[in-house]
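Peer 1: predicted coordinates and the sequence they were generated for:
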Amino acid sequence: MNRIKGGFCRKRTYTILLLLLCLLLCGCGKKKDKPEEKQLTQMDELNSPDVTIGVVSGYIFDDVVKRTLPEAKVMAFSSLKEAYQALRTGKIDAVADDEPVIRARLRSDSSITMLEGFLETSEYAFIFPKNEKGERLSSELGLYVETLRENGGLTELDEKWFGSSTHNKKSIDFRTLPAGKETLHLACDTDSVPFSYVSAGVPVGYEIDLIIGFCQEKGYGLEIEITDFADVMAGTADGRYDAGCGAVTVTEDRKADHIFGSPDYSGGVSFAVRKIEERGAGPDERFGWIPAFRRAFLENGRYKRFFKGILTTLMITGLAILFGLPFGILLYGISRRRGFLLRGLARFIGWLLYGTPAVMLMLILYYMYYRDLYAGGVIAAVIGFTLTFGCGVYRCIVRYAREAEDGTLERHYRVLAVTNKEFYQRLRKASGKAILYDLREGIILLLKTTALVGYMAVEDMTRVFDEIRKDSLETMVPLIITALAYFILVQLLSGLLGLLLRRIDHNSGKGEAGDLED
């Protein structure tokens, strides 16, 4: 009767979750009750109180828009990603941005277009602190840029990073540059595609290629600090950084605090606007589930990164279980049977691992040992989760061994009255299903917490989600699919572990084949 009731409750819970998911997905395709919009085609149409223009705080666009389009409303955002998301969803009517940045974005976002012309022409250059070193580096980089301009090198960079081809958008890994006579500390705003952005975990772009080529020619090493635009400007001004980049526009006001290198690109301030298409009475295609799914996963083969992330998650979980289980058993054995010093050391390790958050353990391993290795993030994640899971196994054994046979079993183990095999057989018999239940829950928790490695393991699902969101400007669809994928993985793993533990329970002579309670 209890089994029937439990099965009914589980089915009812899954049914409710499925209905909620269906309602959410239906909402994604719901027609938006928005007034009919007119396609913006000229810049003079923006100078209206009915138009809202998005700008990014700290950039020059705020002042330029307010000065040249005084009638328009201005809405500030903390990043270009947020501004373009607001444009695509209809919260604003246009985004003020550098023309080359808009041009690059058009390649991956078919929902926007760019107005012709410039609101104001601009030149872009590296910035340096106003000190002796800054003057020297500015002069050296200026000569290098002029050489590229004369021999066609700048034209080649323009074709590479601003052209339509996608296969060649790669830069040399700056970490491979030898630290020659001096190492330059560069501050980089990576929200400026294609000037400088992050791909596969490393900075790439027009300006990244430029500074790497300069360092190679002059024999400099290079360190890149990825930060926001405000810190690029402030940190370079006060000398914390040797140089800064990120589509920095040359202005007279900025010359008061910085030295500008020779301009390496000429463009201007332009506007990205939404494409307004003719729509019938059906659902708004811009907000439909199918178009959103296509943008998030099918375009540019983004689904490959998603499934690669799933495999990485499963690999990390599997290796952590494979190595963590014997590690926990070994740690318990040392903490109970070895000499005084080894026992104390093992117990200290168990105490230390128990109190250290898994993400902090992985960060320590990554930045101290594995940062410069190929797949260093994955290696750090495997080791970190192995230690964390092994600590869980160790504490589980400690808890049940103390309770088994009123403590007699643990005392026998300490004085070598039982072998390891006899100890674990009696421990399993005394604890019943409880220890297996705890083990299963630990494995499920391990699978779910592998999302934490998204910070370091580039191909992990959470990192893939962030990359997909940045490329496709979709937020809800990748988030829903990622959460759903983890939900399915957890349910499948839970079911497989349930079958395995029932078989173990049956083979142990219990004669019970009942389910573990969910």
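Peer 2: Sure, I can see it. Residues are numbered from 1 along each chain as shown.

Peer 1: correct me, but Thr68 touches Ala96?
Peer 2: No: using C-beta atoms under 8 Å, Thr68 is not in contact with Ala96; the gap is 10.0 Å. Where C-beta positions appear, they are placed from N, C-alpha and C, glycine not excepted.

Peer 1: intersection of neighbour lists for those two?
Peer 2: Common contacts of Thr68 and Ala96 (C-beta atoms under 8 Å, 6 or more residues apart in numbering): Leu119.

Peer 1: and those two? which has more neighbours close in?
Peer 2: Counted by other C-beta atoms under 10 Å, Thr68 and Ala96 do not tie: Ala96 has more neighbours, with 26 against 14.

Peer 1: list the residues that contact that one.
Peer 2: For Ala96, counting by C-beta under 8 Å, 6+ apart, the contacting residues are 53-55, 61, 64-65, 119, 269-271.

Peer 1: tell me the pLDDT at Ser508?
Peer 2: Each residue has a pLDDT score; the one for Ser508 is 57.

Peer 1: typed the wrong thing, it's Thr313
Peer 2: 75.

Peer 1: number of nearby residues for it?
Peer 2: Close neighbours of Thr313, defined as other C-beta under 10 Å, add up to 26.

Peer 1: and what of Glu140?
Peer 2: Neighbours around Glu140, by other C-beta under 10 Å: 15.

Peer 1: again, but for Leu314
Peer 2: Leu314 - counted by other C-beta under 10 Å - has 14 other residues nearby.

Peer 1: any figure for the gap between it and Gly324?
Peer 2: 15 Å (C-beta to C-beta, to the nearest Å).

Peer 1: circling back to that earlier point, what is the nearest of the contacts of Ala96 to Val250?
Peer 2: The nearest member of these to Val250, counting by C-beta to C-beta, is Val269 at 12.7 Å.

Peer 1: tell me the SS of the closest one?
Peer 2: Three-state call for Val269 (DSSP: H, G, I helix; E, B strand; the rest coil): strand.

Peer 1: mind listing what it touches?
Peer 2: Per C-beta under 8 Å, 6+ apart, neighbours of Val269: 60-61, 64, 96-99, 118-120, 122.

Peer 1: now the residues you listed in a markdown table, with pLDDT, distance to Lys421 and secondary structure?
Peer 2: Formatted as a markdown table, the contacts of Val269 follow (pLDDT from 0 to 100; distance: C-beta to C-beta, whole Å; DSSP: H, G, I helix; E, B strand; the rest coil):
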| residue | pLDDT | distance to Lys421 | secondary structure |
| --- | --- | --- | --- |
| Ile60 | 79 | 73 | coil |
| Phe61 | 82 | 72 | helix |
| Val64 | 85 | 77 | helix |
| Ala96 | 89 | 72 | strand |
| Asp97 | 88 | 68 | strand |
| Asp98 | 85 | 69 | strand |
| Glu99 | 85 | 73 | helix |
| Phe118 | 84 | 79 | coil |
| Leu119 | 84 | 78 | coil |
| Glu120 | 82 | 79 | strand |
| Ser122 | 84 | 75 | strand |
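
Peer 1: what subset of those is buried?
Peer 2: 60-61, 64, 96-99, 119-120, 122 (16 or more other C-beta atoms under 10 Å).

Peer 1: residue boundaries of the helices in the stretch 351-500 of the chain?
Peer 2: 358-365, 376-403, 408-414, 420-431, 434-449, 461-472, 476-507 (DSSP state H, counting those that start in this stretch).

Peer 1: which stretch in the ones you listed has the least confidence?
Peer 2: Among the helices of the stretch 351-500 of the chain, helix 461-472 scores lowest, at a mean of 45.

Peer 1: among the contacts of Ala96, which one sits closest to Leu80?
Peer 2: Gly54 (9.0 Å).

Peer 1: give the contact list for the closest one.
Peer 2: Contacts of Gly54 (C-beta under 8 Å, 6+ apart): 75-77, 83, 86-87, 92, 94-96.

Peer 1: now do Lys91
Peer 2: 52, 75.

Peer 1: wasn't it part of a helix?
Peer 2: No: counting by three-state DSSP, Lys91 is not part of a helix but coil.

Peer 1: can we start the residue count at 57 from this point?
Peer 2: With 57 as the first residue, the last one maps to Lys147.

Peer 1: how far away is it from Ile109?
Peer 2: Look at Lys147 and Ile109: by C-beta to C-beta, they are 12 Å apart.

Peer 1: kindly report the same for Arg205.
Peer 2: In terms of C-beta to C-beta, Arg205 sits 34 Å off from Ile109.

Peer 1: cool, Gly190 as well?
Peer 2: 34 Å.

Peer 1: could you do Gly498 as well?
Peer 2: 52 Å.

Peer 1: neighbour count: the two, which is higher?
Peer 2: Each of Gly498 and Ile109 has its neighbours counted (other C-beta under 10 Å); Ile109 has more, 24 against 20.

Peer 1: quick one, what contacts the more buried one?
Peer 2: Residues counted as contacts of Ile109 (C-beta under 8 Å, 6+ apart) are 102, 121, 125, 128-131, 148-152, 327.

Peer 1: go again with 6 Å.
Peer 2: Contact analysis of Ile109 by C-beta atoms under 6 Å, 6 or more residues apart in numbering lists 121, 128, 130, 150, 152.
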